[in-house]
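Engineer: For reference, the sequence and a predicted model appear below.
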Amino acid sequence: MGVVCELIPENSLTAVQESEAMAYDNFIEFLESHCHLKLSQHAMLVVARHYANPAPYKITWDFVLKLSREKLRSANFDRYDELVQALSRAETTNEVELDPGDVYRACIAVGLPLTNDLLTALVQKVPKTNGRVDYKNFVNELQSRSAIEEDVKFTPDSKLTQPDVNRSGWFGLQNLEHKHRITDVNTKSFCTDLVALKRARSQTPVEACISRSNSPTK
């Protein structure tokens, strides 16, 4: 930020501060207009990523289903009849609705080629009636190829080891290290930090000392 602080005058931040966010391409153009030849493309990307707004991904049934279909297709899984048989053996009331735990265990027994975190999220997010899963519809949804035209490019990190009915199956969705495409940048935070850095640099040693002495101690 030191180079950016030196090259972008404070009065140039006025227009940027008017909105809280700026499209990524526009933000890069803004940096280039002030910092080209002084700041590399990689450095600009680092600044943009630092102030990027969180990725808009949410753990939903559609998202988990699409990701599961992609994984099953990649693994050439075709044992859906065996999965239906395993699920049918868990029936206790001659109904097609099962406890989510039974669905989870049947999938494990058949060897469904999904990681534990993805399988857990799949069972958690599948639509339920009174807390129970229609297993025939569940298998049909997995087997269907109607909604896998678009590949899933993003897989959240996970630290899940045990199924938890109160969680999505993934932790830290807003703190991922995946290299997703940046859509917009939080220009409000960027301008606030840049102005604060400029003012700190403009202080004389005496003013800086006074400022530190007046700041609240922890």
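Structural biologist: Cool, got the structure. Numbering: from 1, shown residues only.

Engineer: where does the chain dip in pLDDT?
Structural biologist: Where the chain drops to pLDDT under 70, the residues are 55-58, 93-94, 146-181, 203-218.

Engineer: quick one, helices of it?
Structural biologist: Secondary structure of the chain (DSSP state H): helices located at 2-7, 14-17, 24-35, 41-50, 61-74, 80-88, 100-110, 116-125, 135-143, 187-202, 205-214.

Engineer: okay if I get those helices as CSV plus mean neighbour count?
Structural biologist: Placement of C-beta: from N, CA and C, glycine included. Shown next, in CSV, are those (neighbours: other C-beta atoms under 10 Å):
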stretch, mean neighbour count
helix 2-7, 14
helix 14-17, 13
helix 24-35, 16
helix 41-50, 14
helix 61-74, 17
helix 80-88, 17
helix 100-110, 18
helix 116-125, 22
helix 135-143, 17
helix 187-202, 15
helix 205-214, 10
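
Engineer: Number of residues surrounding V133?
Structural biologist: V133 is flanked by 22 other residues according to other C-beta atoms under 10 Å.

Engineer: 33 is where my numbering starts, stick with that
Structural biologist: That works, and once the first residue is 33, the last one we named lands at V165.

Engineer: bridging residues for it?
Structural biologist: Beta bridges link V165 to L130, judged by DSSP bridges.

Engineer: can you tell me which residues contact the closest residue to V227 other than its chain neighbours?
Structural biologist: In this structure, V227 finds its nearest non-sequential neighbour in E42, 6.2 Å apart by C-beta to C-beta, 6 or more residues apart in numbering. Taking C-beta atoms under 8 Å, 6 or more residues apart in numbering, we find E42 in contact with L226, V227, K230.

Engineer: Would you mind putting those residues into JSON lines with distance to N218 alongside?
Structural biologist: Listed next are those as JSON lines, based on distance: C-beta to C-beta, whole Å:
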{"residue": "L226", "distance to N218": "12"}
{"residue": "V227", "distance to N218": "14"}
{"residue": "K230", "distance to N218": "18"}
